[in-house]
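# the sequence isn't on hand, but the structure is:
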């Protein structure tokens, strides 16, 4: 994620070609200036002339404010700085579950600190957004699947969180937070994939069977992504199997009870 936006900065000329480098390969000329522990969590911007170092959102604001001066007053507005600092931390401390890194690579690299508050916030955010979108999508399946109450999807998504947490703690307790973060990223991504169909339904009336087919396609992609991540994280097949079992049990309960 860091590579993505720093590469964009170099492509548009906000940084020179050597202006973005991984902290794992930090040049010796800047090592003395940078707090390497902090740079793991907050990207560091080094002024080679003065030796001054900025971190995190302040680094981004300095680059953007220099290149686009009209935004400089906004980047000096304290409430905005506080808000964006929290957004930056929210993403930074969860980036390894948003875009996972294999266990072998984790053991070879400096890793971001784990902050339980930011992980809980991420789980709650992804749970709410996925449940909200699924509640809207459930209306499109009326006729094939009972509609249920307005909070049904919220309970289903929360239930999976607790179900999978209990499962992962049984055989990989120390990796519970890592697994739950990855699982909720998959749920959130799956919900986002439903948005095109939701948008289309506002303009075109299609049979519920079409929306059900699309939902199954998204569920299949989620299954494959769950399987891929478990292989990457070396957690085996059990988490994917229990994830699938929970989904199938819920479907049966909805259809026949």
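Ah, there it is. Only a predicted model underlies this, so the values are computations on that prediction, with no experimental measurement involved.

# where does the protein dip in pLDDT?
1-2, 5, 12-14, 16-32, 103-110 (pLDDT under 70).

# how about the nearest residue to the residue nearest the centre of it, chain neighbours excluded?
With distances taken as CA atoms, centre = their mean, residue 98 lies nearest the centre of the chain, 3.2 Å away. Nearest residue to residue 98 in three dimensions, chain neighbours excluded: residue 185, at 5.5 Å (CB to CB, 6 or more residues apart in numbering). (Each C-beta comes from the backbone N, C-alpha and C, glycine too.)

# what about the helices in the stretch 1-150 of the chain?
For the stretch 1-150 of the chain, the helices defined by DSSP state H, counting those that start in this stretch cover 2-11, 28-31, 36-41, 57-67, 72-75, 78-92, 95-98, 103-108, 116-138.

# now do residue 132 against residue 145, distance only.
From residue 132 across to residue 145, the span is 18 Å (CB to CB, to the nearest Å).

# circling back to that earlier point, tell me which element the residue nearest to residue 98 is part of?
Using DSSP states H and E, residue 185 sits within helix 176-201.

# now the angle between helix 116-138 and that helix, please.
Angle, helix 176-201 to helix 116-138, by axes from the mean of the first three to the mean of the last three CA atoms, to 10 degrees: 30 degrees.

# can you spell out which helices and strands pack onto helix 176-201?
Other helices and strands packing on helix 176-201, by 3 or more CB pairs under 8 Å, 6 or more residues apart in numbering; DSSP states H and E, are helix 95-98, helix 116-138, helix 152-171, helix 208-232, helix 238-256.

# name the residues that touch the first one?
I take that to be helix 95-98. By CB atoms under 8 Å, 6 or more residues apart in numbering, the list of residues contacting helix 95-98 from outside reads 1, 91, 106, 111, 112, 119, 122, 178, 181, 182, 184, 185.

# for residue 83, find the nearest of the helices and strands packed on helix 176-201.
Nearest to residue 83, of all the helices and strands packed on helix 176-201, is helix 116-138, at 13.9 Å by CB to CB.

# so the closest one versus helix 78-92, what angle?
80 degrees.

# neighbouring contacts of helix 116-138?
89-90, 93-94, 97, 145, 147-148, 150, 152-154, 156-158, 161, 177, 180-181, 184-185, 187-188, 190-192, 194-195, 197-198, 211, 215.

# and the buried ones among the residues you listed, selectable in ChimeraX?
Buried members of the contacts of helix 116-138, defined by 16 or more other CB atoms under 10 Å, are picked up in ChimeraX with:
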select :89,90,93,94,97,145,152,153,154,156,157,158,161,177,180,181,184,185,187,188,190,191,194,197,211,215
